[in-house]
Each structure stands twice: as structure tokens, then as C-alpha cells.
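> Have a look; sequence and predicted model below, questions after that.
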2 protein chains.
Amino acid sequence: MPDYTPPAPKSERILNAAEELFALHGFDGVTLRGIATAAGVDVALLNYHFGVKKKLFEVVFMRRAEILNEARLNALLEAEASSGGRPSLEQIVSAFLRPIQRFQLTGDEGWRNYLALVGWVNSSSVWGEEMMHKSFDPLVARFIEALKKNMPDADPQRIYWAYQFFSGALTLTLAQTGRIGRLSDGLCRESDVETVYDLMIPFVVAGFRKLCVESVEDVF
Amino acid sequence: MPDYTPPAPKSERILNAAEELFALHGFDGVTLRGIATAAGVDVALLNYHFGVKKKLFEVVFMRRAEILNEARLNALLEAEASSGGRPSLEQIVSAFLRPIQRFQLTGDEGWRNYLALVGWVNSSSVWGEEMMHKSFDPLVARFIEALKKNMPDADPQRIYWAYQFFSGALTLTLAQTGRIGRLSDGLCRESDVETVYDLMIPFVVAGFRKLCVESVEDVF
DNA sequence: TGATGAATTCAACAAATGTTGAAAATTATC
DNA sequence: GATAATTTTCAACATTTGTTGAATTCATCA
């Protein structure tokens, strides 16, 4: 047995199974027994390791949030450094998106599931709010700082709204619903991650420009 | 008793309560007893009127879909008529969005709930697909026709992707998560429907132009 | 009024759910 | 190798869940 890799510890197997199932069916659509079965462990083990169901969900959600935040922040800092503190809109938006793309491209199934889960939580009204706030809003605020600095004359309200549209476009793509594939009769594949971001970035940047840079009168 | 309005029939009360609760918590987050209590009826009545739970959800979802589709199609037909068959991008996007805005502005709580529900279903991976497809894709295909006609030289794939980003921006806004309000410290209010669409339309149009009209080289 | 059919309630079912405590097995520590 | 601590299993609990059939009320109309 030359390259035997020991099986992941059970606590990790639980998190991975939970990650996938929560991403597919949401919090209420998943049972602890379903997770336990998928992970190949006893139900009681979930409670032993992670406490009640909601706590398990939080652990799943937080597990990769910090990693993603750090990657995004680094990308932004790099963009700022390489531009003498004045990154372009493209650079800012790219710093927000490209790390996600990188994680998706690693082929790690876990990241795909996790990102779909984020998409799910972000558009869930009651549930997501608190968790999205705690785990992502500090970083988002930092990006909006950068946007404000890039467009000092823009109405802040417009920057926030543009960010909301941006966030929506990203969220739906992360959710991996498969709908665009069906709609386009297979022409667009959500798995084609490179194309997605190559197109999303200019789409979003153009929107920001229109709303926040060009003259107000042009909008109406 | 001068203007006494009789209470809505119970079957309608059930649909309204279900609409609100499903919009807030999703399919699995809602119990039939919760709906029954909110509607002030017996649990067994849900089964009598609508059959099993999934069927009830479908009835709720389909109830307003046709109305919305008709309004949107009329708006598109009008735009085409008033422009000699060559509606502008703004007109097409507006025809897609303004009817939604109109329904939101009627003040009918039911429409707000329903639209939030659509936002929820649209970004749910397993659940939504079939229902979104059946109830909305025919109309969406019609809009994409119009877009293709407006931009005959555009790569169809890009039109579909731009639509996906468009749909995401709309979906997140419909979902009414309250997150943008918190993020902007109250500067943006999701209830301010007029502002939302006045900004979403130019944002989306600019994105479409960038991806589908301007030269390919500009994108990268 | 009385009879027919629809609407509504009542009571209960079997199955599934989150959670827990105690026992057993495994691992670590000395 | 004995002891302690950690991990895992077993069995079960009290609720809650979707669903159903029989009984009751209500409305319609001859």
C-alpha cells in the first residue's frame, strides 16, 4: 500500500456531508439523520461534536468564510499596492470575484458546495441576515470603501445599490440552479467558471460606471 | 353596517397565509399547521382544498404567475408597437421590470410576499428548477428573442449570461433580505421601490451594452 | 321543509424529527 | 499495562410532521 491516505476524521466527514446537503436543500430541507447517513456516522455524533442543528450549520458556514475573506482582502490589498493606492474599478471588482473563481477551479467539491450554500443563505430572508452580516459584511464594507475612494463624487446610495445588484448577479451564479443552462439550451454552462467571471466583471463594472460615474441626468 | 366586506373565503385565506410563510421560510421551513393557524382554519382543510403540501405550494406559486406574465408581455408588446418593432434596450428591460414595480406599488401585501417567494424559488437549486421553468421560461424566452433582435450581432451566449446577471440582480432585490439596508446603515431601503428600479434599469442596460454591443476586445 | 352535496371540524394515525443519557469502544497519558 | 479522557454507538424520549377518514355543520335547491 504505497500511498494510503487515512480517512478524514469523522467530525470532518460530518461537516462535508452537511455542507453538501445544506447547499442542496437549505437548512430545513435537511435532517440530521440524512447528514449522518451521508457521512457514514451515527446521528448522535453530530450532537456530540457540534451541539444542536443550528450550531452545526453555523460551523459549516463559518469554516470557509475566513479563508475566503482573507483571500479577497489580499487580492484587494495587492490591487491597491500595484496601483499606487488607486485601483481601477475593474481591479476592485476582480479582487472581489477572482478569489472565488480560484477556489472553484481547485476542483475541491467542498468549495463548490460551500459557495452554493453562500448563494442560498444570501437570498434567504429570515435566515441569512445575521450570518451573512457577521461573516461577510466587514469585508464588504472594506470593498465599498475602495469603491467610494475610486468614485469620490458618486452618491453613496448609488454605490450601495450597485453593490446590491452586483451581489445578486454573483449570488444567483453561485447558487448553481442550472436554470441558465436549460434556458439557453445548453449554450451556457454554469460549470464554465472562467467564462462566467470573464463576463460578470465587465458587466458589473459597466453598471457601476453608469450609475456612479456618468452624470446623473444620463440615468433617467 | 354601511360598508361591510365579507371575509375572504377560507380557501383564499389559506393561500394568502401560505404565500407569506413560504416567502419567509421556504417550503421546508413551513408546516401545514403553521399555515392553518395563520389562516385561522383547521389543518385538514388544507388537504381538502389543495391536496398534499407540494400541491399547495404549486397553487400558491402559479396563482399570480399568469397575471405577472401577461402584464410583462403586454408591456413588451406595447414597447414594440410604440417603436415600430424596434424597441430600445431600455424599453425591453423596462418592460421586464416595470410591471413588477407596479404590482409592488399597489400596496397589496400579497404581491410583496409572492415576489419574495419568486426570488426564493429562483435561487433554490433543487426545488425551483421545474417550477420556474414551467411558469416563467416561456416569457423569458420571448424577452430574449427581443434582446437578440435588438442586438443581432451579439454572441447569443453573452446575451444569456447577461440575462443571468440581470435575473440575479432582480432576484436578490425581490427576496427582501434587508441586508442592503443594514450594510448601508439605513441609506438604502428595499421598500423604496421606485429608486430600486430607476437604478436597476440603467445598471442592467449598461451591462448588456458592454457585453453584447461593444467590441469583444474591450471586454478583456 | 327536507334532502343533497359541499365545506369544515374532530380525532387520530404512522412516520420522521431533534435531542439526550448511558453504555461501549477507542485513544491518550502516565 | 492501568487509568483517565475522548470518541463513538445504542436505544430511546417527547414532539412535531403530513395525511386521512369519519362525523358534523353549512349552503343549495326541489
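Perfect, I can see it now. Residues are numbered from 1 along each chain as shown, chains lettered A, B, ... in the order given.

> residues contacting the nearest residue to residue A:168 once chain neighbours are set aside?
Nearest residue to residue A:168, sequence neighbours excluded (CB to CB, 6 or more residues apart in numbering or on different chains): residue B:172, at 3.1 Å. Using the backbone N, CA and C atoms, a C-beta is placed for each residue, glycine as well. Contacts for residue B:172 (CB atoms under 8 Å, 6 or more residues apart in numbering or on different chains) come out as A:122, A:123, A:164, A:165, A:167, A:168, A:171, A:172, B:119, B:123.

> Not counting sequence-adjacent ones, nearest residue to the first one?
Excluding its sequence neighbours, the residue lying closest to residue A:122 (CB to CB, 6+ apart) is residue A:171, at 4.7 Å.

> contacts for the helix or strand in which residue A:121 is found?
Using DSSP states H and E, residue A:121 maps to helix A:109-122. By CB under 8 Å, 6+ apart, the residues outside helix A:109-122 that reach it are A:16, A:19-20, A:22-24, A:26, A:60-61, A:63-64, A:100, A:103-104, A:127-128, A:131-132, A:167, A:170-176, B:123-125, B:172, B:177, B:179.

> give me that answer again for 7 Å
By CB atoms under 7 Å, 6 or more residues apart in numbering or on different chains, the residues outside helix A:109-122 that reach it are A:16, A:19-20, A:22-23, A:26, A:61, A:64, A:100, A:103-104, A:127-128, A:131-132, A:167, A:171-172, A:174-176, B:123, B:125.

> tilt between that helix and helix B:109-122?
Angle, helix A:109-122 to helix B:109-122, by axes from the mean of the first three to the mean of the last three CA atoms, to 10 degrees: 180 degrees.

> Could you dump the contacts of residue B:172 into a markdown table and include pLDDT and distance to DNA strand C?
Formatted as a markdown table, these follow (pLDDT from 0 to 100; distance: CB to the nearest atom of the strand, whole Å):
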| residue | pLDDT | distance to DNA strand C |
| --- | --- | --- |
| A:122 | 91 | 22 |
| A:123 | 87 | 22 |
| A:164 | 98 | 32 |
| A:165 | 98 | 35 |
| A:167 | 97 | 29 |
| A:168 | 97 | 29 |
| A:171 | 95 | 25 |
| A:172 | 95 | 27 |
| B:119 | 92 | 25 |
| B:123 | 87 | 22 |
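
> Just the buried residues of the helix ranked longest in chain A, please?
Scanning chain A for the helix with the most residues, using DSSP state H, yields helix A:53-82. For helix A:53-82, the neighbour count (16 or more other CB atoms under 10 Å in any protein chain shown) marks A:53, A:56-61, A:63-65, A:68-69, A:71-73, A:75-76, A:79-80 as buried.

> Residue A:103 and chain B: what is the separation?
Counting by CB to the nearest CB, to the nearest Å, the gap from residue A:103 to chain B is 18 Å.

> Please disregard the earlier target; I meant residue A:18.
In terms of CB to the nearest CB, residue A:18 sits 15 Å off from chain B.

> from memory that residue sits against residue A:35, does it?
Yes: proximity of residue A:18 to residue A:35 meets the contact threshold set by CB atoms under 7 Å, at 4.9 Å.

> picking that back up, any idea of the angle the helix or strand harbouring the residue nearest to residue A:168 forms with helix A:109-122?
Element membership for residue B:172, per DSSP H and E: helix B:156-175. Interaxial angle of helix B:156-175 relative to helix A:109-122 (the same axes, to 10 degrees): 50 degrees.

> after helix B:156-175, next one along is what?
helix B:179-183.

> what's that next one packed up against?
helix A:125-150, helix A:156-175 (3 or more CB pairs under 7 Å, 6 or more residues apart in numbering or on different chains; DSSP states H and E).

> so of those, which one's packed in deepest?
Highest mean neighbour count among the helices and strands packed on helix B:179-183 (mean count of other CB atoms under 10 Å in any protein chain shown): helix A:156-175, with a mean of 24.
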